[in-house]
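1. Predicted model and sequence follow; I will ask about them next.
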Amino acid sequence: MYYGKIKRNGKIHQKSLDTSDFQTAKINLKEFQKEVETKDQTAPDMLFQDFAAQWLESVKPHLKPNTYRRKQVSVNKLLPFLKGWKMREIKHAHLEKWVKARSGKAAHTFNLDREALKMIFAYANKLKIMHGENPVVDIKKRKAIKAVIVPPTREQFASLLNAMNENKADHHKDAPTFVEFLAYTGMRLEEALNVQWRHVSFKGEGSILVTGGETGTKNYSQRSIPMFPRAKEFLLRLSQGKEMPALDYLFTHKSSKTALKHASTMIGLPKGEHFTHHDMRHYFCSNALEKNVPDHVIASWLGHKDGGILVRKTYGHLRASHSTEMAKLMD
């Protein structure tokens with residue numbers, strides 16, 4: 001049996017070459033030499049908490065603020081289980097305690113934390129702090145039960161607006177109008193907050209440019225949506241028919257969350273079923289579906305890049321419900 005012995009930087013490295021054939025031993029010796037050189041070039045041992053902090057800094061420039069904050073939350077949840085361990089020492093067995101501790105938690109948050117952990121180990125491999133297969137690969141994602149979306153009915157939407165308008169002292173005066181804008185355009189919260197008057201065009205049929213502001217939209221691409229009839233009526237009312245300063249934002253507040261919470265309570269919704277900003281996006285979609293707008297067209301308005309697949313998956317039950325109601329007309 002042949003053995004390899006290499007001296008590098010004053011340190012002796014020795015191991016079996018696992019062969020009694022001389023030619024094979026020479027090949028294995030070269031591989032052993034590469035292995036020694038690679039290990040010698042790696043960064044020094046780092047504790048998990050220090051390396052996780054380094055990883056967060058590396059991804060920060062490439063993530064949206066909310067996504068970055070969620071990664072921070074994941075790291076904080078992992079620290080009680082991995083703090084104090086060197087990155088090289090962490091194996092699949094060390095992660096089992098974390099998996100068991102999270103067994104009773106929501107599948108969605110477990111999967112988010114798992115993804116962050118997987119990215120940390122991938123980064124360690126990239127920097128040659130670790131070698132071999134990512135230990136998180138063996139940890140399976142958990143199947144999350146997808147909640148059925150129940151957007152506001154037209155009656156509920158009208159009641160919400162009335163409740164907010166009657167209690168403006170309890171929240172920002174722009175809250176009701178901002179909720180209307182979300183419902184009439186289908187925009188995400190951050191997209192709507194970053195619309196300036198220069199993005200609104202009343203020429204021809206009219207259009208609104210959705211940019212997402214400095215951080216961009218969710219998929220980092222701008223889109224132009226039509227000036228829907230209710231949106232046009234709303235914007236003319238908001239501008240009072242005047243030409244507005246191009247760089248002014250349509251809205252100056254940051255959230256209608258409190259207003260929606262109070263209004264939901266006022267119209268009789270129990271805690272846990274209060275409507276949110278995103279429910280206004282669902283309301284927009286449900287209205288489009290009821291008007292039989294094709295899925296791929298709705299997707300383009302929402303900023304989806306999948307041609308309508310997510311719309312069909314998310315709102316399929318609404319389509320079926322509307323179809324049943326329409327069937328009753330066939331008497």
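-> Ah, there it is. These numbers come from a predicted model, not from an experiment. Residues are numbered from 1 along each chain as shown.
2. Okay, the residue nearest to F48 when sequence neighbours are not counted and P245: tell me how far apart.
-> Of all residues not flanking F48 in the chain, L82 sits nearest, at 4.2 Å (C-beta to C-beta, 6 or more residues apart in numbering). Yep, even glycine has a C-beta here, placed from its N, CA and C like the rest. Counting by C-beta to C-beta, to the nearest Å, the gap from L82 to P245 is 52 Å.
3. of these two, who's got more company?
-> For L82 versus P245, the count of surrounding residues by other C-beta atoms under 10 Å is larger for L82: 21 against 10.
4. buried ones in the helix or strand M119 falls within?
-> According to DSSP states H and E, M119 maps onto helix 107-126. Along helix 107-126, these residues count as buried under the neighbour rule (16 or more other C-beta atoms under 10 Å): 109-110, 112-114, 116-121, 123-124.
5. Same check on stretch 172-191?
-> By neighbour count, with 16+ other C-beta under 10 Å as the criterion, the buried positions of stretch 172-191 are 172, 174-191.
6. How about stretch 196-204?
-> 196-197, 199-200.
7. Can you give me the pLDDT of N9?
-> Among the per-residue scores, N9 shows a pLDDT of 63.
8. meant to ask about W197, not that
-> pLDDT recorded at W197 is 96.
9. now swap in P44 and tell me
-> P44 carries a pLDDT score of 61 in this model.
10. All the strands of the stretch 51-200 of the chain, in order from the start?
-> With DSSP state E, counting those that start in this stretch as the definition, the stretch 51-200 of the chain shows strands at residue ranges 200-201.
11. Pass me the low-pLDDT residue ranges in it, would you?
-> Counting by pLDDT under 70, the stretch 51-200 of the chain has low-confidence residues at 170.
12. could you pull out the helices for it?
-> Applying DSSP state H, counting those that start in this stretch to the stretch 51-200 of the chain gives helices spanning 65-82, 92-101, 107-126, 154-166, 175-185, 189-193.
13. what's the fifth one in contact with?
-> The one in question is helix 175-185. By C-beta atoms under 8 Å, 6 or more residues apart in numbering, the residues outside helix 175-185 that reach it are 157, 160-161, 164-165, 168, 187, 189, 192, 208, 225, 228, 230-231, 234, 238, 250-251, 253, 256, 258-260, 277, 280-281, 283-284.
14. Next, the angle helix 154-166 makes with that helix.
-> Using axes from the mean of the first three to the mean of the last three C-alpha atoms, to 10 degrees, the direction of helix 175-185 lies 150 degrees away from that of helix 154-166.
15. so which of the buried residues of helix 107-126 comes closest to G268?
-> For the buried residues of helix 107-126, the minimum distance to G268 (C-beta to C-beta) is 30.3 Å, reached by T109.
16. number of nearby residues for the closest residue to H199 other than its chain neighbours?
-> Using C-beta to C-beta, 6+ apart and skipping the chain neighbours, the partner closest in space to H199 is L209 (4.1 Å). Counted with other C-beta under 10 Å, the neighbours of L209 add up to 14.
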